[in-house]
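Colleague: structure for this input, please:
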Amino acid sequence: MSAEPGAHRTVPRGYVYADHIPYDTPDSLDDLRGPRKGVVRVGPPISTAPDPVYDLSDEDMVWHLYSAVVREGNARDHEALLERRTLIRLWPELNLPARCRAVWEAKFPVLAARTARTA
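Modeller: This is a model prediction of the structure:
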């Protein structure tokens, strides 16, 4: 692909964007010290909804929040918004792209074990 100003840029044949998304992870699951109750408000890139608020007493909202934070967040977001035990409990059911799940499971075997147990 040319980087010259005004040059046409082309995507190489066979390029799949999903194969190049840079998923971030925390250094350790022990660093995840997010809230376990209350209301959480997030912003971009985790959510671009007009009022992205998640009530942690609602299990469906917790599932949506965790799925979005793992997928879209950076390590600081993970540490601030995710809680270790909740993440491990929800892990097999989270809505994650296969590559995102693979990146996390490669780094954290406890998550891979949870997926294997529910398969």
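
Colleague: any low-confidence regions in the chain?
Modeller: Residue ranges of the chain with pLDDT under 70: 1-7, 119.

Colleague: which ones are touching the residue lying closest to Ala68 once chain neighbours are set aside?
Modeller: Leaving aside its sequence neighbours, Ala68 sits nearest to Ile46 (CB to CB, 6 or more residues apart in numbering; 5.1 Å). Every C-beta, even on glycine, is put in place using the N, C-alpha and C of the backbone. With contact set as CB atoms under 8 Å, 6 or more residues apart in numbering, Ile46 has these partners: Pro52, Ala68, Val69, Glu72, Gly73, Asp77, Leu81.

Colleague: what's the answer for Gly73, then?
Modeller: Gly73 touches Asp24, Pro45, Ile46, Leu81, counting by CB under 8 Å, 6+ apart.

Colleague: can you select the buried ones among these for me in PyMOL?
Modeller: Buried subset of the contacts of Gly73, written as a PyMOL selection, criterion 16 or more other CB atoms under 10 Å:
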select buried, resi 46+81
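
Colleague: for the contacts of Gly73, which one is nearest Thr118?
Modeller: Nearest to Thr118 among these, counting by CB to CB, is Leu81 at 23.4 Å.

Colleague: pretty sure that closest one sits against Leu65.
Modeller: Yes. Between Leu81 and Leu65 there is a contact at 7.0 Å, judged by CB atoms under 8 Å.

Colleague: looking at the contacts of Gly73, which is nearest Thr115?
Modeller: Distances from Thr115 to the contacts of Gly73, taken by CB to CB, are shortest for Asp24, at 19.6 Å.

Colleague: for the nearest residue to that closest one once chain neighbours are set aside, give its distance to Leu32.
Modeller: Spatially, and ignoring its direct neighbours in sequence, Asp24 is nearest to Asn74 (4.6 Å; CB to CB, 6+ apart). Asn74 sits 13 Å away from Leu32, taking CB to CB, to the nearest Å as the criterion.

Colleague: out of the contacts of Gly73, list just those in helices.
Modeller: Using DSSP state H, Leu81 are the members of the contacts of Gly73 that sit in helices.

Colleague: before I go, just wanted to say thanks for your time.
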